[in-house]
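> Below are the sequence and a predicted model; questions follow.
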Amino acid sequence: MTINSLGKLACLTLAGSLLCSAAWAQSGPVLDRIKSGGKLVIAHREGSIPFSYYDADKKPVGYAIDLCMKLAQAVGAQLGVKNVPTQFLAVTPANRIDTIALGKADMECGGTTNTKERREKVAFTVPHFITGVRMLVKANNKAERIEELRDQTIAVTKGSTAQKAVDTANKERLMGLKLTEVADHAQAVDLLEKGQVAAYMTDDVILYSLAATRPDPKSLKVVGKFLTIEPLAIMLPKSDPEFKKLVDTEMRRLINSREIYPIYDKWFNQNIPPKNTNLALPTSYLLRDFWKYPTDIVP
């Protein structure tokens, strides 16, 4: 019998249960690796402003990055490891889920929506933002609803929840939209500004940030009703419940202690790199209500 088996057997006894509960609470693939001196691998996006993107020095920054660094500190404090070593790994909308599911990274720190379909492969912690799919169009476009873009071409990010929502709405409402898949936000805006697509559809907070960071911020505008409601959350491995439990506990603490609010304001209500742009987006009523009872369980 191995030492590990003996430990588990001891935990089955009444006398050993209390002693072992704390020990096993700090066990699991990610936590064991960090206790052994390994790195916490953080997946990040290259251009998902203000959640996760590169600053002028090609350093990953953003709202989700700051939260993930708080989570890394909590992991270290729980394990007695000072200054947990971290490694950043750039991901795209197309490969971000597989990167976590296959164990190539421990946390994906960006603007990923927690959905039932995705929870088949990965886990999520408590949402840090709630948004919804809307449209980014040129300022001179008079369309206010997706139905007004009938028979036109729409850009959607490949593998995103927006792509699925737009495709479903297109079929249900018989709008005749042509969907152009793009690899990232930058490609979508380029197509829009060149007139090759009539709109780009994704989470409205991303659209606001894309418009605000253009050379002429007034050249683009965000329009339309919400096509979806999107709870954005940090993605975690599904196969490591102890790591998730620790992360969930820290996310709830950040919210309940209100420590998360200054972090939010830093990225949504103050000037941010690389162009010192202020998105001027206060916390929505949806997010404030959700944070009253923070949970990783979403519809």
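Received it, and whenever you're ready, just let me know what you need.
> How about residue 207: what's its closest non-neighbour residue?
Once flanking residues are discounted, residue 207 sits nearest to residue 136: 4.2 Å by Cβ to Cβ, 6 or more residues apart in numbering. In short, each C-beta sits where N, CA and C put it, glycine included.
> so is the one you found in a helix, a strand, or just coil?
strand (DSSP: H, G, I helix; E, B strand; the rest coil).
> Can you check the pLDDT for it?
If you check residue 136, the pLDDT there is 98.
> can you tell me which residues contact it?
Residue 136 makes contact with 188-189, 192, 199-202, 207, 210-211, 220-222, according to Cβ atoms under 8 Å, 6 or more residues apart in numbering.
> Identify the bridge partners of it.
For residue 136, the beta-bridge partners under DSSP bridges are residue 200, residue 222.
> do the same with residue 40
residue 86.
> Also residue 236?
Bridge pairing for residue 236 (DSSP bridges) gives the partners residue 123.
> doesn't residue 126 make contact with it?
No. Residue 236 lies out of contact with residue 126 (Cβ atoms under 8 Å); the separation is 11.1 Å.
> Please parse the chain into its domains.
3-130+231-292, 133-228 (automatic domain parsing).
> Spit out the contact partners of residue 94.
The neighbours of residue 94, taking Cβ under 8 Å, 6+ apart as the test, are 158-159, 183.
> What is the burial count for residue 277?
18 (other Cβ atoms under 10 Å).
> what do you get for residue 89?
By other Cβ under 10 Å, neighbour count at residue 89 equals 15.
> my guess is it is in a helix, correct?
No. Residue 89: not assigned to a helix; according to three-state DSSP it is strand.
> show me the contacts for it.
Counting by Cβ under 8 Å, 6+ apart, residue 89 makes contact with 41-44, 99, 104-105.
> do that again at 6 Å, thanks
Residue 89 makes contacts with 41, 43, 105, as judged by Cβ atoms under 6 Å, 6 or more residues apart in numbering.
> And the next helix or strand past the helix or strand hosting the second one?
Under the assignment given by DSSP states H and E, the secondary-structure element containing residue 43 is strand 40-44. On the C-terminal side of strand 40-44, the closest following helix or strand by DSSP H and E is strand 47-48.
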